[in-house]
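**Student:** All I have is the shape, not the residue letters:
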């Protein structure tokens, strides 16, 4: 069991409010990723759940039990820290055993659990070494092992991959996913890397300045971002935003004028667009295609990044930047003009406050 | 070995033109040799002087090495006679033994020919025959007559107890001041540091009355207890503990460690290098303490070594040879402690286990 429920959790450090009322329901066995830019309060929220940070108001429940006044040790959660926080003066075995010894577990049981975790994480050969004698990846495994041996109801992982190099990060990410599938334990994972969030999460919680912006499965967030911030944060490279004005609005239909003077006809669905209202049109770089279509834009190429499998074009359109990712390899010279079709692209519209407008093209 | 030698003896001048001396080489060597003399000269002089007889100590000009006048037993004389290189009336120099001195003249005989009549020689015309000789009785005598082992035990007891308590008390204060957030934390630190500005002589009288009213007068604990809380120690340890990442403490809290266990099993082992520094300081301070033990201890069997040594400087007569020898002996433990603990200072903790 590992059900975690947050209701109206607030936290402030002195006069600075860090969390402004977080409501969240985490189901048993779910892998939830907190994602957001640095300083958004995601680590504070994790520490609040862990019990390392006292919340200012609100309630935290684990398996239906209010744990507001329960200490970190007794919440039944285990945490993997960003710096791993292995005890440098203890061997790997002692690191794993420390928490169990403190819980006064019989020695045989401790040994059994350590061997089990060591086998699972393939750290058996290093049990006698000190953390200083291990590589980054090995330390990371030990840190996870220290969490596993306690058989917690939930794992809290604070940017566990941020200290690994790019290659190791990809393989460890896959191992973490496999570990979650195997342990079937609740995991809360904090990261600022949206690729990690997309690949690992059952659900993603996007945070900004201490508020939840949106909660949903990775594809929900990708396909129907609730606001401009989420749209820009999820997906790499991030979504293009173009300022547009509603020119001709009638129920169910609107014509938008783009900064370069081109017109775009859209189906406004049930939304009633105001004549002359300003909105933001969002389109992902991958969804733009070369060539003229029913709805197309003409943009000037400024820079080309050839990655082999795809080509990233930095273009400009009426003074606004527009990123295009084309599959395969293309040759353009900077300064040339190209036609980009929006026909196949899912378009996103955001009002002046940045909230999503439910329209379809 | 040769690589070490070539490292030590390399010169800037030899890089350019083979074997020349650049002026910086000369300055460097002079500076370093000068430093060596300044640092080790007094210690060496002390050690050599501790082997001198009282007569040799009083000699002027003083010598660095301990010399003693040579003596010889001559038939017909009960006491051994001192040997001199004397200038004979005929102008030759001969090794003679002095029987007695009368005014400016000395009566001497030839030890090889004791039957011959004594010769009168001006005392300016004779030089004592001297030989390198170590007066080891400077060391052995005090062990017999002076209650050296009693004083040594008292000193060791005071030093060890005071150091252990200092380490425990100061590290606890430093732990709280570095790892807990509480109102007035910096103020408390400031107050502790401010006590650095109060010299012992100012608080001596009130301290004495406290010790006296606690019944610790003439008690080794009266020497130990007032010294255990040191602002320097708290400061050194606090600064070091600030570098221990808070995440380690959080990890320990998640691992069900109590605050005591965090202090004892996590923070204290990681502070070992700073503890070693403080231990050295504390040992040196307590071992060399003189004034406070002198005040608190008035019974001879409770004296520490430093107080005990003062016995040798009486009102009329200072027995320098014993003082010097015992000073050398009292230096030994401090040097040993330093040699032993300095490993911990330099080694530190190789990997902190983070990142």
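**Tutor:** Done, it's in. Worth saying up front: this structure is predicted, and the values here are computed from it rather than measured.

**Student:** What is the least confident helix or strand in chain A?
**Tutor:** The least trusted helix or strand in chain A, going by mean pLDDT, DSSP states H and E, turns out to be strand A:263-267, with a mean of 78.

**Student:** neighbours around residue B:102, how many?
**Tutor:** 10 (other Cβ atoms under 10 Å in any protein chain shown). Any C-beta I mention is one placed from the backbone N, CA and C, and that applies to glycine too.

**Student:** how many neighbours does residue B:33 have?
**Tutor:** Neighbour count for residue B:33, taken as other Cβ under 10 Å: 10.

**Student:** Give me the contact list for the least confident helix or strand of chain A.
**Tutor:** Under the criterion Cβ atoms under 8 Å, 6 or more residues apart in numbering or on different chains, residues A:244, A:247, A:252-258, A:281, A:295, A:342, A:347, A:349, A:359-361 lie in contact with strand A:263-267.

**Student:** could you measure residue B:147 against residue B:221, distance?
**Tutor:** Residue B:147 sits 21 Å away from residue B:221, taking Cβ to Cβ, to the nearest Å as the criterion.

**Student:** What is the neighbour count of residue A:30?
**Tutor:** Residue A:30 has 20 neighbouring residues, counting by other Cβ under 10 Å.

**Student:** Pull the contacting residues for the nearest residue to it once chain neighbours are set aside.
**Tutor:** Closest residue to residue A:30 apart from its sequence neighbours, by Cβ to Cβ, 6 or more residues apart in numbering or on different chains: residue A:202 at 4.9 Å. Residue A:202 is in contact with A:30, A:31, A:32, A:217, counting by Cβ under 8 Å, 6+ apart.

**Student:** One more: residue A:310?
**Tutor:** Residues in contact with residue A:310 (Cβ under 8 Å, 6+ apart) are A:325, A:326, A:327, A:328.

**Student:** Look up phi and psi at it.
**Tutor:** phi -150, psi 160 (degrees, to the nearest 10).

**Student:** And residue A:113, by the same measure?
**Tutor:** According to degrees, to the nearest 10, residue A:113 has phi -70, psi -40.

**Student:** what are the ranges of the helices in the stretch 1-150 of chain A?
**Tutor:** Assigned by DSSP state H, counting those that start in this stretch, the stretch 1-150 of chain A shows helices spanning A:42-50, A:92-102, A:107-121, A:136-148.

**Student:** and the second one, what's its mean pLDDT?
**Tutor:** When you say that, I think you mean helix A:92-102. Mean pLDDT, helix A:92-102: 94.

**Student:** Any chance of CSV for the helices of the stretch 1-150 of chain A, columns distance to chain B and mean neighbour count?
**Tutor:** Converted to CSV, these look like this (distance: least, Cβ to the nearest Cβ, whole Å; neighbours: other Cβ atoms under 10 Å in any protein chain shown):
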stretch, distance to chain B, mean neighbour count
helix A:42-50, 7, 23
helix A:92-102, 3, 22
helix A:107-121, 13, 16
helix A:136-148, 7, 23
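
**Student:** Check what pLDDT the closest residue to chain A within the stretch 201-350 of chain B gets.
**Tutor:** For the stretch 201-350 of chain B and chain A, the shortest gap (Cβ to the nearest Cβ) falls at residue B:255, measuring 3.4 Å. Per-residue pLDDT puts residue B:255 at 92.

**Student:** Could you tell me how far it is located from residue A:143?
**Tutor:** For residue B:255, the distance to residue A:143 - Cβ to Cβ - is 12 Å.

**Student:** Leaving out chain neighbours, which residue sits closest to residue 97?
**Tutor:** Using chain A here. Nearest non-adjacent residue to residue A:97 (Cβ to Cβ, 6+ apart): residue A:110, at 5.3 Å.

**Student:** My question was about chain B, not that one.
**Tutor:** Closest to residue B:97 by Cβ to Cβ, 6+ apart is residue B:81, at 3.8 Å.

**Student:** tally of neighbours for that neighbour?
**Tutor:** Residue B:81 - counted by other Cβ under 10 Å - has 19 other residues nearby.

**Student:** Could you pull up the residues touching it?
**Tutor:** Residues in contact with residue B:81 (Cβ under 8 Å, 6+ apart) are B:71, B:72, B:73, B:74, B:97, B:98, B:99, B:111.

**Student:** again, only this time at 7 Å
**Tutor:** Applying Cβ atoms under 7 Å, 6 or more residues apart in numbering or on different chains, we find residue B:81 in contact with B:71, B:72, B:74, B:97, B:98, B:99.

**Student:** Any figure for the gap between the second one and residue B:79?
**Tutor:** Here residue B:72 is placed at a distance of 11 Å from residue B:79 (Cβ to Cβ).

**Student:** where's the residue in the stretch 151-300 of chain A that chain B sits nearest to, which helix or strand?
**Tutor:** Nearest residue of the stretch 151-300 of chain A to chain B (Cβ to the nearest Cβ) works out as residue A:163 at 5.5 Å. Following DSSP states H and E, there is no helix or strand that holds residue A:163.

**Student:** For the stretch 151-300 of chain A, which segments are assigned as strands?
**Tutor:** Using DSSP state E, counting those that start in this stretch, the strands found in the stretch 151-300 of chain A span residues A:154-158, A:186-191, A:203-208, A:211-216, A:240-250, A:253-257, A:263-267, A:278-283, A:289-290, A:296-306.

**Student:** ok, now chain B?
**Tutor:** For chain B, the strands defined by DSSP state E cover B:67-69, B:71-72, B:81-87, B:93-102, B:105-109, B:119-122, B:126-128, B:130-132.
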